[in-house]
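1. Following is a predicted model, sequence given first.
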Amino acid sequence: MTAPRMRFVQHAPDVYEATLALTQAAKKDLDPVLVELVLLRASQVNHCAFCIDMHAKDARKAGESEQRLDLLPAWEEAGAVYTEKERAALALTEAVTVLTDGFVPDEVYERAAAQFSEPELARLVSLIATINVWNRINVAFRTPVGNMR
């Protein structure tokens, strides 16, 4: 395991607080379990161990089952384990997180737009963008797993 590079919150507390506020605003009016699935899946894609650990724990606290957490990396093959709304959110999460795979395809966006109201969709995309910020900060500074804020 590599050593942490710095404690981000100590050196940029204003950026930390602004990013935290954006995260809280993005979560507003979204289902807490769906939020944690999205945060966890983006963190898995980005290989952010700190965020994977934190959001798996938060998902359990929100009532998520072990089976659904275990199957999240293979959500597309898991069928009815996830609702159509969750699958649409997870597809959008992956498309927004991995922009180098051809940006966000129309069919992925349209699938999500069919499941979420425009205000929900705006918050969902904001949530996905925000977790990508957190992932990049924590990966860049090698935030240790379990080092909660």
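-> Okay, I see it.
2. Next up, the contacts around residue 22.
-> If you count contacts by C-beta atoms under 8 Å, 6 or more residues apart in numbering, residue 22 has them with 126, 130, 133. C-beta: built from backbone N, CA, C; applies to glycine.
3. Quick check: nearest residue in space to the second one, chain neighbours excluded?
-> The one in question is residue 130. residue 23 (4.7 Å; C-beta to C-beta, 6 or more residues apart in numbering).
4. can you count the residues close to the one you found?
-> By the measure other C-beta atoms under 10 Å, the count of residues near residue 23 is 18.
5. who's in contact with it?
-> For residue 23, the contact set (C-beta under 8 Å, 6+ apart) comprises 127, 130-131, 134.
6. Turn the residues you listed into CSV, columns for secondary structure and distance to residue 38.
-> Written out in CSV, the entries for the contacts of residue 23 read as follows (DSSP: H, G, I helix; E, B strand; the rest coil; distance: C-beta to C-beta, whole Å):
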residue, secondary structure, distance to residue 38
127, helix, 6
130, helix, 10
131, helix, 7
134, helix, 12
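7. most neighbours, which of those residues?
-> For those, neighbours were counted by other C-beta under 10 Å; the highest total belongs to residue 131, with 27 neighbours.
8. Thought residue 36 was touching it, still the case?
-> No: applying C-beta atoms under 8 Å as the test, residue 131 and residue 36 come out as separate, 10.4 Å apart.
9. where do the strands sit along this protein?
-> Using DSSP state E, no strands are found in the chain.
10. Let me see the ranges of the helices in it.
-> Listed in chain order, the helices of the chain (DSSP state H) span residues 8-11, 13-27, 32-45, 49-61, 66-71, 84-97, 106-115, 118-140.
11. Now do the buried residues in the second one.
-> Right, the one you point to is helix 13-27. Using 16 or more other C-beta atoms under 10 Å as the test for burial, helix 13-27 gives 16, 19, 22-23, 26-27.
12. Which pair in the residues you listed has the greatest spatial separation?
-> For the buried residues of helix 13-27, with distances taken as C-beta to C-beta, the pair at the greatest spread is 16 and 27 (16.8 Å).
13. Residue 59: neighbouring residues, count only.
-> Residue 59 has 22 nearby residues by other C-beta under 10 Å.
14. Cool, thanks, talk later.
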